[in-house]
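Trainee: quick check, what structure comes out for this input:
(2 chains)
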Amino acid sequence: MSMLKILSRLFGIFRRRDNLKIGFYGPPNAGKTSLANLLCKDWTGEELGSVSEIPHETRHVQFKEKVEIEHKGKKMVLKIVDTPGIATKIDYEDFLGYGIGKQDAKKRAKEATQGIIEAIKWLDDMDAVVIVLDSAENPYSQVNLTIIGNLLARKIPVLVVANKIDLRKSNVKKIEAAFPEYPVVGISARKAMNMNEFYDALFKLTKKV
Amino acid sequence: MIVKKNNKLKGLSIHIMPYSEIRELTITERVKKILNLILGNRVVILQGRLRPEEEIRLIEDTMAMVDHIKTFKGIELAVVDSNKDEGFFLRMKRGIARGLTGESNSLTVIGPASIVKEIKKDPSKIEVFFG
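Mentor: Numbering: from 1, shown residues only, chains lettered A, B, ... in the order given. The predicted structure follows:
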């Protein structure tokens, strides 16, 4: 963490309340880019990146500056930072099942490993983080705990989003039970469900910065 | 040494690592030591747990190795805590406050992804699946 950032956190000076950097972190295929796209499309008219059912579709950090969000009469300007999904293993053979050729699968795997390293390096730069989890999956994976542990150690405010509540197997309560110390909001980025609650939680999150 | 025949495990090498083995090491040395064992196809069971910044460094260095070593696909990693009722936040806070997370009543399981297919974890149990 830079000295300027440490000073700004300690004394609340030099802190810009606008253009706060909000990172979207989480495991692969949880819907980080879908949610980032929804926000960017709604408030800037442009999406941020492509989405796919194939894991590791996002393999580079991508961001949109000056996303002005208005909700219930309040406004804020954010820098939305969408990051590649963090994983502990990458096997190109996992991509072959999605109809990708061997060479492309190997290229995808190589880019995915580099994307994870890039995502980790960006952690220090975030003002606040939205952890996006697939609410139909087990939340107790070590990757989730490691990401949250690092944010806690860095004193970066966290909002947990339980995505994909439109799925039959979705279980938001299990995510709430896994992370009882953090606000959890259930949404479906794909179907834009529960977005009012998400914006309420997002505004509360930025107040903690 | 792990010996595979017809895709079936014939042996499994587990390295039990007391925290004293890494206590005096820097973060770089700790991660390097663990990854060297993993590259030797060993499953490491560490007494205690790594600090959050060490865990994320382990993931970072693992990815760098996946990128450079053709046969290496990564790791499986899980931490088992004895104080289940305490909640993640309190346990993590305590770990950070201590600075020496090895003093905690945790166990960390780290294995090569080619051998440890999956570690399933929920609040009450941990299951390790070997390939």
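Trainee: could you check which residue of chain B lies nearest chain A?
Mentor: B:G74 (2.8 Å; Cβ to the nearest Cβ). Bear in mind the C-beta positions are built from the backbone N, C-alpha and C, glycine included.
Trainee: can you list the low-confidence ranges for chain B?
Mentor: Within chain B, the stretches with pLDDT under 70 are B:1-11, B:82-104, B:123-124.
Trainee: hmm, back to that, list the beta-bridge partners for the residue of chain B closest to chain A.
Mentor: Beta-bridge partners of B:G74, counted by DSSP bridges, are A:K89.
Trainee: is it in contact with A:I90, as I believe?
Mentor: Yes - the pair B:G74 and A:I90 qualifies as a contact (Cβ atoms under 8 Å) at a distance of 5.8 Å.
Trainee: residues shared between the contacts of those two?
Mentor: Common neighbours of B:G74 and A:I90, using Cβ atoms under 8 Å, 6 or more residues apart in numbering or on different chains, are B:M63, B:V66.
Trainee: between those two, who's got more neighbours?
Mentor: A direct count of neighbours by other Cβ atoms under 10 Å in any protein chain shown for B:G74 and A:I90 places A:I90 higher, at 26 against 21.
Trainee: tell me who's in contact with the more buried one.
Mentor: A:H56, A:A109, A:A112, A:T113, A:I116, B:M63, B:V66, B:K73, B:G74.
Trainee: how many neighbouring residues does the fifth one have?
Mentor: Think A:I116. When neighbours are counted by other Cβ under 10 Å, A:I116 registers 29.
Trainee: that one contacts A:P84, correct?
Mentor: Yes - the pair A:I116 / A:P84 is scored as a contact, 5.8 Å apart, by Cβ under 8 Å.
Trainee: show me the contacts of A:I90 that map onto strands.
Mentor: Taking DSSP state E as the definition of strands, those contribute nothing to them.
Trainee: in helices, which of these appear?
Mentor: Residues of the contacts of A:I90 located in helices (DSSP state H): A:A109, A:A112, A:T113, A:I116, B:M63, B:V66.
Trainee: count of neighbours near the third one?
Mentor: Here the neighbour count serves as a burial measure; for A:T113 (other Cβ under 10 Å) it reads 24.
Trainee: again, but for the last one
Mentor: Residues contacting B:V66 under the criterion other Cβ under 10 Å number 27.
Trainee: and the residue of chain A nearest chain B?
Mentor: Relative to chain B, the nearest point of chain A is A:K89 (2.8 Å; Cβ to the nearest Cβ).
Trainee: in which helix or strand would I find the residue positioned nearest the centre of chain A?
Mentor: Most central in chain A under Cα atoms, centre = their mean is A:F24, positioned 1.8 Å from the mean C-alpha point. Per DSSP states H and E, A:F24 falls inside strand A:20-25.
Trainee: do a quick rundown of the helices in chain A.
Mentor: A:3-11, A:32-44, A:93-96, A:102-122, A:142-153, A:172-178, A:195-207.
Trainee: is the most centrally placed residue in chain B bridged to anything, and to what?
Mentor: Nearest residue to the geometric centre of chain B (Cα atoms, centre = their mean): B:I110, 2.6 Å. Counting by DSSP bridges, B:I110 forms beta bridges with B:V44, B:L77.
Trainee: repeat that for A:I22.
Mentor: Applying DSSP bridges to A:I22 yields these beta-bridge partners: A:I80, A:A128.
Trainee: what does B:E118 give?
Mentor: Beta-bridge partners of B:E118, as defined by DSSP bridges: B:F129.
Trainee: what is the neighbour count of it?
Mentor: A count of nearby residues for B:E118, using other Cβ under 10 Å, gives 13.
Trainee: quick one: which of the contacts of A:I90 is nearest A:Y140?
Mentor: B:G74 (18.9 Å; Cβ to Cβ).
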